[in-house]
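Visitor: No letters, just coordinates:
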């Protein structure tokens, strides 16, 4: 049996940093792990952000090759996560603590931290830290944020890539972390690459030079940095001003249908992960953020066009949408 | 057939399987500790002495929530155990994930589909008893410390 202790004496390296609208206080025995915090050290600091503790041990016992794959489970306030490269984490949602043991391969893999471990951590702990992780993309045009929501398979990521190509800033393509700041809402992303399914290569010829790889949920996908689509596309956060719910139709053309706050509220609440009754404050926080978001102007975007045409339609529609927000 | 067979259809809004019901409940004794077990599988009821005492209100108690996880496959791996603060966490791969919260007096566990009854009784139950005894000892130390502090300050 491997028996490890998270005594402070075993975690000599410490730092803190901001990501996804929250603060992380990291303690570790690994210089490699400490280095992964560097890109987040310069991030904008939300004075309202709450802090969680993350204790990470790099341990040789995890270097034994075992094919466990990616596996998540949760019971009451505890969540367990097994990730590849080999690592095991536990999340205590009541005490806002993460403890994990990682292999040297995981400790040294920057992409793993940026695209998996840190986004997963903010996703799991977010609601306990005043952040609502919402399944939607977030983009900006002329400093004004827009959220792009829709059911799985609606084409959010493909449309996000098409909008990035037109010069929109990309905060996130999949999960957006919404929190309250100075009376308004702020949307954060985690600079994760845009994930595109293999068939989208027909819209983005540059993908043909890349090889898709298997993502955490088992799908084959391309991953492309927003900056590769447009040099100014990558952004960390913005203030959302409007919401679009993408629906695919077989009829050519794009139609923007105004929708009610009840629609927005119902969409986000009915698609949110169920939270246990042990976390009433987290449920309350998420509910309040969604209620606030539902006051924003929103449209159902019914599109039968390809993603580039749909992106163009959004660009043309936005001045009208922005007028509606004032 | 485990009760969970009726309801472990994957709920997209419960990706962590938090809401698998554990309707089978009974009480056992681990030494002087009362253990309330709740599970979704008859095969996960431990072969321990039943707690039939109606008194013993002052005894320490702990709750075991044992979830048969039909979507977790593989056999038990070498245990990885770590402690910190009020928690003890153990992983034996996807086949067994355990968390003990000493402050809340609970042991929460997912047990994979391929862990048979014998392995459960011979490997996991003794392990859970050990974790239970450690948790209760810590609770007792905590109680003693609070008692001393209140005596000192009182």
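Guide: Done, it's in. In this text, all values refer to a predicted model and were calculated from it rather than measured experimentally.
Visitor: helix, strand or coil for residue A:319?
Guide: The local conformation at residue A:319, judged by DSSP: H, G, I helix; E, B strand; the rest coil, is helix.
Visitor: let me redo that: residue B:128
Guide: Applying three-state DSSP: residue B:128 is helix.
Visitor: Distance-wise, check it relative to residue B:76.
Guide: Residue B:128 sits 13 Å away from residue B:76, going by CB to CB, to the nearest Å. For glycine as for every other residue, the C-beta is placed from the backbone atoms N, C-alpha and C.
Visitor: who's more crowded, those two?
Guide: Taking other CB atoms under 10 Å in any protein chain shown, residue B:128 and residue B:76 do not tie; residue B:128 has more neighbours (24 against 19).
Visitor: Now do the contacts for the closest residue to chain B within the stretch 101-250 of chain A.
Guide: Closest contact between the stretch 101-250 of chain A and chain B, by CB to the nearest CB, is at residue A:101 (6.5 Å). Shown in contact with residue A:101 (CB atoms under 8 Å, 6 or more residues apart in numbering or on different chains): A:4, A:56, A:57, A:58, A:59, A:61, A:62, A:87, A:88, A:89, B:80, B:82.
Visitor: Check whether the helix or strand hosting the last one comes near chain A.
Guide: When you say that, I think you mean residue B:82. Taking DSSP states H and E as the criterion, residue B:82 maps to strand B:80-84. Yes: Strand B:80-84 comes into contact with chain A (CB under 8 Å from any CB of the partner chain), by way of B:80, B:81, B:82, B:83, B:84.
Visitor: roughly how far out does that strand sit from the chain middle?
Guide: In terms of CA atoms, centre = their mean, to the nearest Å, the centre of strand B:80-84 is found 15 Å from the chain centre.
Visitor: which neighbours does it have in its sheet, and in what orientation?
Guide: Using DSSP bridges, the strands paired with strand B:80-84 are strand A:2-5 (parallel), strand B:87-91 (antiparallel).
Visitor: Not counting that strand itself, show me its contacts.
Guide: A:1-7, A:55, A:57, A:61-62, A:88, A:90, A:97, A:99, A:101, B:88-92.
Visitor: Got a quick PyMOL command for the buried subset of these?
Guide: Filtering the contacts of strand B:80-84 down to the buried ones (16 or more other CB atoms under 10 Å in any protein chain shown) takes a single PyMOL command:
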select buried, (chain A and resi 2+4+6+55+57+62+88+90+97+99+101) or (chain B and resi 88+89+90+91+92)
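Visitor: Might you enumerate the residues of the stretch 151-300 of chain A proximal to chain B?
Guide: Residues of the stretch 151-300 of chain A found near chain B (CB under 8 Å from any CB) are A:271, A:272, A:273, A:274, A:276.
Visitor: what residues go with each domain of chain A?
Guide: Domains of chain A are assigned by automatic domain parsing as A:8-129, A:133-324.
Visitor: Columns mean pLDDT on top of these, output as TSV?
Guide: Below are these laid out as TSV (pLDDT from 0 to 100):
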stretch	mean pLDDT
domain A:8-129	91
domain A:133-324	90
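Visitor: how about the ones you listed in CSV, adding distance to residue B:30?
Guide: Formatted as CSV, the domains of chain A follow (distance: least, CB to CB, whole Å):
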stretch, distance to residue B:30
domain A:8-129, 20
domain A:133-324, 24
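Visitor: contacting residues around residue A:157?
Guide: Residue A:157 sits next to A:137, A:173, A:174, A:194, A:195, A:196, A:197, A:200 when contact means CB under 8 Å, 6+ apart.
Visitor: Close to chain A: what parts of chain B are there?
Guide: By the rule CB under 8 Å from any CB, the part of chain B lying against chain A is B:11, B:13-19, B:65, B:67, B:69, B:72, B:74, B:77-87, B:89, B:91, B:93-94, B:97, B:99, B:101, B:106, B:108-110.
Visitor: Show the backbone phi and psi for the residue of the stretch 51-200 of chain A found nearest chain B.
Guide: Using CB to the nearest CB, the closest approach of the stretch 51-200 of chain A to chain B is made by residue A:74 at 3.2 Å. Phi and psi for residue A:74, reported as degrees, to the nearest 10, are phi -140, psi 140.
Visitor: How many residues are close by the spatially closest residue to it that is not a sequence neighbour?
Guide: Distances taken as CB to CB, 6 or more residues apart in numbering or on different chains put residue B:16 closest to residue A:74, at 3.2 Å, once the chain neighbours are dropped. Residues within reach of residue B:16, counting by other CB under 10 Å, total 20.
Visitor: Quick check: residue B:16 touching residue A:72?
Guide: Yes: counting by CB atoms under 8 Å, residue B:16 does reach residue A:72; the two are 5.5 Å apart.
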